[in-house]
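>>> What follows is a predicted structure for the sequence shown.
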Amino acid sequence: MTQGSKWDAGLYDEKHSFVWKMAAGLLELLDAKPGERILDVGCGTGHLAAQIAATGAQVSGIDRSAEMIQQARAAHPSLQFEVADAREFAFAQPFDAVFSNATLHWIREPERVVTAIAFALRPGGRFVTEFGGKGNVAALVAAFQRAWKNLNLPEPFPNPWYYPSLAEYATLLERHGLEVTYGALFDRPTALEDGERGLRNWLDMFGGAIAEKLAANLQEKLKQEVEREARHDLFRAGHWVMDYRRLRLVARKL
């Protein structure tokens with residue numbers, strides 16, 4: 001996970017565990033083997049890295065957030081976790097696989113990320129990833145844009161996310177010598193935890209990159225306005241349901 005503002009690692013684990021719990025299918029695609037060197041890019045608090053390590057693979061995890069890495073090291077002291085930027089990391093030895101879940105939509109410089117990933121892989125190594133794809137949280141983004149205008153905040157609206165189409169991202173990978181062997185863009189509506197407060201928790205956790213340049217009182221007003229604008233489309237039967245669309249790919253380094 002990575003974004004411009006600081007992450008609350010405790011809130012991430014306590015109220016947003018769906019981020020890593022829904023990655024079972026992605027781990028199956030990774031199909032880690034004992035002894036393989038695997039890098040988890042955007043490892044967060046280390047839960048998926050630990051599951052990969054349980055297969056006998058040698059796992060390293062990187063995340064831009066020092067708070068996330070601190071919690072990952074505390075929870076999984078036998079694994080290697082480092083604070084590093086997905087756009088410019090480098091390791092002395094290549095990896096058999098690079099894995100990334102729910103991270104790459106935070107980085108609006110995808111070419112730099114793919115360059116670093118391709119460099120980190122050995123020939124024949126694989127890249128397995130899932131993140132927000134084209135149309136992800138479209139209803140929420142629309143609510144954000146309406147709320148932004150309602151409060152007469154300075155344009156343009158600062159959208160912090162990168163949600164590519166399958167064709168767009170596959171083309172990018174192939175341009176860097178990564179042959180796409182599997183790709184899918186699919187809807188995954190996700191109910192947030194904590195009932196009525198679910199969207200507020202989500203905004204506290206993930207919305208900081210949008211509001212970080214606003215004064216504290218305007219940040220609060222924006223969250224309230226987003227909740228009001230989003231309620232019609234996203235609040236159902238006592239729960240907020242996020243309109244997630246996920247992009248999932250597997251590619252092999254030629």
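That came through, no problem. These numbers come from a predicted model, not from an experiment.
>>> And the strands in the stretch 51-200 of the chain?
58-63, 80-83, 95-101, 121-132, 178-187, 190-191 (DSSP state E, counting those that start in this stretch).
>>> Could I get those in a markdown table, plus columns for distance to P154?
For every residue, glycine as well, the C-beta is placed using N, CA and C. Below are those laid out as a markdown table (distance: least, C-beta to C-beta, whole Å):
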| stretch | distance to P154 |
| --- | --- |
| strand 58-63 | 31 |
| strand 80-83 | 32 |
| strand 95-101 | 33 |
| strand 121-132 | 25 |
| strand 178-187 | 33 |
| strand 190-191 | 31 |
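>>> Now the ones you listed in JSON lines, please, with extra columns for distance to L153 and mean pLDDT.
Below are those laid out as JSON lines (distance: least, C-beta to C-beta, whole Å; pLDDT from 0 to 100):
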{"stretch": "strand 58-63", "distance to L153": "30", "mean pLDDT": "98"}
{"stretch": "strand 80-83", "distance to L153": "32", "mean pLDDT": "97"}
{"stretch": "strand 95-101", "distance to L153": "32", "mean pLDDT": "97"}
{"stretch": "strand 121-132", "distance to L153": "23", "mean pLDDT": "98"}
{"stretch": "strand 178-187", "distance to L153": "30", "mean pLDDT": "97"}
{"stretch": "strand 190-191", "distance to L153": "28", "mean pLDDT": "92"}
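>>> closest to V250 out of those strands?
Minimum separation from V250 across the strands of the stretch 51-200 of the chain (C-beta to C-beta) falls at strand 178-187, 4.1 Å.
>>> Ramachandran angles for E193?
Per-residue torsions, E193: phi -80, psi 160 (degrees, to the nearest 10).
>>> got it, and G135?
According to degrees, to the nearest 10, G135 has phi 90, psi 0.
>>> For it, which non-adjacent residue is closest in space?
Residue nearest to G135 in three dimensions, not counting chain neighbours: R245, with 4.7 Å by C-beta to C-beta, 6 or more residues apart in numbering.
>>> Give me the phi and psi angles of the one you found.
Per degrees, to the nearest 10, the backbone of R245 is at phi -130, psi 130.
>>> mind putting the strands of the stretch 51-200 of the chain in a markdown table, mean neighbour count and distance to L27 included?
Formatted as a markdown table, those follow (neighbours: other C-beta atoms under 10 Å; distance: least, C-beta to C-beta, whole Å):
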| stretch | mean neighbour count | distance to L27 |
| --- | --- | --- |
| strand 58-63 | 24 | 12 |
| strand 80-83 | 17 | 18 |
| strand 95-101 | 24 | 8 |
| strand 121-132 | 20 | 9 |
| strand 178-187 | 15 | 14 |
| strand 190-191 | 15 | 18 |
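>>> For S165, which of these is the nearest?
Across the strands of the stretch 51-200 of the chain, closest to S165 is strand 178-187 (C-beta to C-beta), at 7.0 Å.
>>> Nearest to G44, out of the strands of the stretch 51-200 of the chain?
So among the strands of the stretch 51-200 of the chain, strand 58-63 is nearest, using C-beta to C-beta, at 6.1 Å.
>>> any idea of the angle the closest one forms with strand 95-101?
Using axes from the mean of the first three to the mean of the last three C-alpha atoms, to 10 degrees, the direction of strand 58-63 lies 40 degrees away from that of strand 95-101.
>>> and strand 58-63, how far from the chain's centre?
Its chain's C-alpha centre and that of strand 58-63 lie 15 Å apart, by C-alpha atoms, centre = their mean, to the nearest Å.
>>> Where do the helices of the chain begin and end?
Secondary structure of the chain (DSSP state H): helices at 9-15, 18-21, 24-30, 47-53, 66-75, 110-120, 138-150, 166-175, 198-206, 208-211, 216-234.
>>> looking at those helices, which is buried most?
Highest mean neighbour count of these: helix 47-53, a mean of 22 (counted as mean count of other C-beta atoms under 10 Å).
>>> So which elements touch that helix?
helix 24-30, strand 37-41, strand 58-63, helix 66-75, strand 95-101 (3 or more C-beta pairs under 8 Å, 6 or more residues apart in numbering; DSSP states H and E).
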